[in-house]
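>>> using only what follows, build the 3D model:
(chains A and B)
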Amino acid sequence: SQKIEQNSEALNIQEGKTATLTCNYTNYSPAYLQWYRQDPGRGPVFLLLIRENEKEKRKERLKVTFDTTLKQSLFHITASQPADSATYLCASPLGQGGKLIFGQGTELSVKP
Amino acid sequence: NAGVTQTPKFRVLKTGQSMTLLCAQDMNHEYMYWYRQDPGMGLRLIHYSVGEGTTAKGEVPDGYNVSRLKKQNFLLGLESAAPSQTSVYFCASRKGTATSGGNYNEQFFGPGTRLTVL
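So this is what the prediction gives:
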């Protein structure tokens, strides 16, 4: 069955460094991947979408890559700030109806 | 625009009680979704709707029912609550019609309802 997995271990980094989060998928080839941010006690908020024919997508300090050979997407936050601390979710389409399947999320903590 | 709103924000139920969670969106979105989020499990789809008057089962539909009588509202019902339904419930909506797909559109989430079943 289709699976999408993120590193469930929290990622702790120092302010100013680059954070890199990983999303792996198995048993299917998604047409795109989406990344969301979730703050404690709130709903997820969409950040970026990358299509299977795009190697890389950027938005301000965010960069997402999509490697269809490795079946992996990497999410980078450059020059990280304490305000970037949150849980980041990756998601891929699942069948019809605009459904998404989500990874478990990776909690990022940026220390000053 | 308020976006996606959910009512109530918190609720405590006893086993066997029933309740309805209300989701409303003011973005004229066709698609709406109900998820539950549990620690270590991520977001799991309960039911979804591709338009007014339509509903379909998601990954974990047992114990839940839904209705979409109006385009802007999506109701999630628990007929006989069980402790296993203790969770945080999120509603989401998405632009796109059943015919045109709009598969690349993002989902917009509500703030969530924290439900505890004792």
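>>> who's in contact with residue B:24?
Shown in contact with residue B:24 (Cβ atoms under 8 Å, 6 or more residues apart in numbering or on different chains): B:2, B:4-7, B:72-73. In this view, the C-beta of every residue, glycine as well, is placed from N, C-alpha and C.
>>> what about the nearest residue to residue A:17 once chain neighbours are set aside, neighbour count?
Nearest non-adjacent residue to residue A:17, counting by Cβ to Cβ, 6 or more residues apart in numbering or on different chains: residue A:80, 5.8 Å away. For residue A:80, the count of nearby residues is 21 (other Cβ atoms under 10 Å in any protein chain shown).
>>> residue A:80 reaches residue A:20, doesn't it?
No. Taking contacts as Cβ atoms under 8 Å, residue A:80 lies outside contact range of residue A:20: 10.2 Å.
>>> so how far is residue A:85 from the nearest residue to residue A:14 once chain neighbours are set aside?
Closest residue to residue A:14 apart from its sequence neighbours, by Cβ to Cβ, 6+ apart: residue A:111 at 5.7 Å. Per Cβ to Cβ, to the nearest Å, residue A:111 is found 9 Å from residue A:85.
>>> comparing these two, which residue is more hemmed in?
Neighbour count, other Cβ under 10 Å: between residue A:111 and residue A:85, residue A:85 has more, with 18 against 11.
>>> just give me the neighbour total for residue B:69.
So residue B:69, with other Cβ under 10 Å, has 9 neighbours.
>>> let me fix that, I meant to ask about residue A:44.
28.
>>> so does stretch A:90-104 get close to chain B?
Yes. Judged by Cβ under 8 Å from any Cβ of the partner chain, stretch A:90-104 comes into contact with chain B through A:93, A:97-104.
>>> mind picking the lowest-pLDDT entry from those residues?
Across the residues of stretch A:90-104 next to chain B, the bottom pLDDT score, 81, is held by residue A:97.
>>> pretty sure it is touching residue B:47, no?
No. Counting by Cβ under 8 Å, residue A:97 sits too far from residue B:47 to count as a contact (10.7 Å).
>>> quick check, residue B:66 in a helix?
No. Read with DSSP: H, G, I helix; E, B strand; the rest coil, residue B:66 is strand and lies in no helix.
>>> which residues does it form a beta bridge with?
Beta bridges link residue B:66 to residue B:76, judged by DSSP bridges.
>>> how close does it get to residue A:47?
Distance from residue B:66 to residue A:47, by Cβ to Cβ: 28 Å.
>>> who has more neighbours out of those two?
residue B:66 (23 against 18).
>>> done for today, thanks.
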